[in-house]
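Q: Task: produce atomic coordinates for the following.
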Amino acid sequence: MNISLRQLRVFLAVARQQHFRRAAESLHLSQPAVSRHIAELEGELGVRLFDRTTREVIPTEAGRYLENAIGRVLDELEGVLDQVHSESERRRGKVHVASVPTLSAGLMPQCIAECAQLYPELTIQLHDQAQTQVLDAVLGGEVDFGVAVAPTATGEFDSELILRDPFVLVCRPDHPLAQLDRVPWRKLSGQPLVLLDYSSGSRRLIDHALAKRHIEVNIVQQTGHTLTAFRMVEAGLGISVSPALSPPPPNLVTRPLTPVEHRDVVLLKRRQRSLSPLATLVWDQLRSTAAKQSLL
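A: Numbering: from 1, shown residues only. Just a heads-up that it's a prediction; the model follows:
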């Protein structure tokens, strides 16, 4: 039988109203359309569903049985459809995420692509900012949450560690250190270094790694972006220390630094502030994306 949901809804409205015109008004349909749906339903079922008089429409025995049975089914179906629609609505909208540049380039593209595939009606607006700006944007409510290097002061944030990103040496292939499979930190002593400046959350960690080994530091340039640092390394101005998630251009090489030093990558939100359902979807997806690369 070829019976539509609309035909059943029209039938139920007529059975409850016991009047074609009132049923049509409740359904925002014309009276001829209601009559046509009932006639088509009766034709498919091969049974008369209503006895019609000039004053009222009375369900037949078959009509009363169908009304009792289909009423429960349609009520349950409406609840299911409402739930599905509500779920769809929760996945539509825009989420603002602040991220430090090295993670904007190294982690966020994959997450955004995965979200676009899983939740096509969800838009992620990425705010590519320095570490201090990410923290300010989260605290100021300008973004839903942030992706950053774990800050030293965490009292104003709720955070979740999602990734440990090791530091690596970046140099030209013709540099003597490029001949080693692994480079001890002490080998950096006296070398001309091109490092990120203090707007980066990684710089204090690099400084600490150098200082605790009493390495003679020769910083020749400090930059705000890894790309600039890499260009300077390409030009032969020095070597660099960078997070592994910030791969250099193909004409440069990376070597693991030993012993391993890493930065903790965290998701940050304002303390005791709940995320929206949409932001929670992105937060969870970032955790999943990071897990594929994580050394945790």
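
Q: Flag the shaky bits of this protein, pLDDT-wise.
A: When residues are selected by pLDDT under 70, those of the chain lie in 1, 82-91, 294-296.

Q: Kindly list the longest strand within it.
A: Using DSSP state E, we find that the single longest strand of the chain is strand 157-171.

Q: which neighbours does it have in its sheet, and in what orientation?
A: Note on strand 157-171: by DSSP bridges, its sheet partners are strand 240-243 (antiparallel), strand 253-258 (antiparallel), strand 262-270 (antiparallel).

Q: For residue 189, see how far away residue 214 is.
A: In this structure, residue 214 and residue 189 are 9 Å apart, going by Cβ to Cβ, to the nearest Å. C-beta here means a position set from N, CA and C on the backbone, and glycine is covered the same way.

Q: Check residue 287 too.
A: Distance of residue 287 to residue 189, given as Cβ to Cβ: 38 Å.

Q: Ok, residue 225 next?
A: Residue 225 is 26 Å from residue 189, by Cβ to Cβ.

Q: Please say which of the two ends up with more neighbours.
A: residue 225 (18 against 14; other Cβ atoms under 10 Å).

Q: Pretty sure residue 101 is one of the things that one touches, is it not?
A: Yes: in terms of Cβ atoms under 8 Å, residue 225 counts as a neighbour of residue 101; the distance is 5.9 Å.

Q: List the buried residues for the longest strand of the chain?
A: 157-159, 162-165, 167-171 (16 or more other Cβ atoms under 10 Å).

Q: right, and the helix or strand after it?
A: Where DSSP states H and E defines the elements, the next helix or strand beyond strand 157-171 is strand 183-184.

Q: now the buried residues of strand 157-171 in CSV, with distance to residue 17?
A: Putting these into CSV (distance: Cβ to Cβ, whole Å) gives the following:
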residue, distance to residue 17
157, 58
158, 54
159, 58
162, 57
163, 61
164, 66
165, 66
167, 74
168, 74
169, 80
170, 76
171, 82
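
Q: Residue 259: which of the residues you listed is nearest?
A: residue 167 (10.8 Å; Cβ to Cβ).

Q: what residues are up against the closest one?
A: By Cβ atoms under 8 Å, 6 or more residues apart in numbering, the residues touching residue 167 are 202, 205-206, 209, 241-244, 257, 261-263.

Q: Could you single out the nearest of the residues you listed to residue 150?
A: residue 263 (7.5 Å).

Q: Contact partners for that closest one?
A: Applying Cβ under 8 Å, 6+ apart, the residues near residue 263 are 149-150, 164-165, 167, 201-202, 205, 243.

Q: Does anything pack onto the helix or strand harbouring residue 195? Which helices or strands?
A: Assigned by DSSP H and E, residue 195 belongs to strand 192-196. With contacts taken as 3 or more Cβ pairs under 8 Å, 6 or more residues apart in numbering; DSSP states H and E, strand 192-196 sits against helix 203-211, strand 218-223, helix 226-234, strand 240-243.

Q: Using CSV, please lay out those together with distance to residue 281 and mean neighbour count.
A: What follows is those, written out as CSV (distance: least, Cβ to Cβ, whole Å; neighbours: other Cβ atoms under 10 Å):
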stretch, distance to residue 281, mean neighbour count
helix 203-211, 30, 17
strand 218-223, 35, 15
helix 226-234, 29, 19
strand 240-243, 26, 25
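
Q: Select, out of the ones you listed, the one closest to residue 117.
A: With Cβ to Cβ, the closest approach to residue 117 among the helices and strands packed on strand 192-196 belongs to strand 240-243: 26.4 Å.

Q: Stretch 49-57 spans what distance, first to last residue?
A: Stretch 49-57 has an end-to-end distance of 10 Å (Cα to Cα, to the nearest Å).

Q: Residues contacting it, please?
A: 11, 14-15, 18-20, 38, 41-42, 58-60, 62-63, 66.
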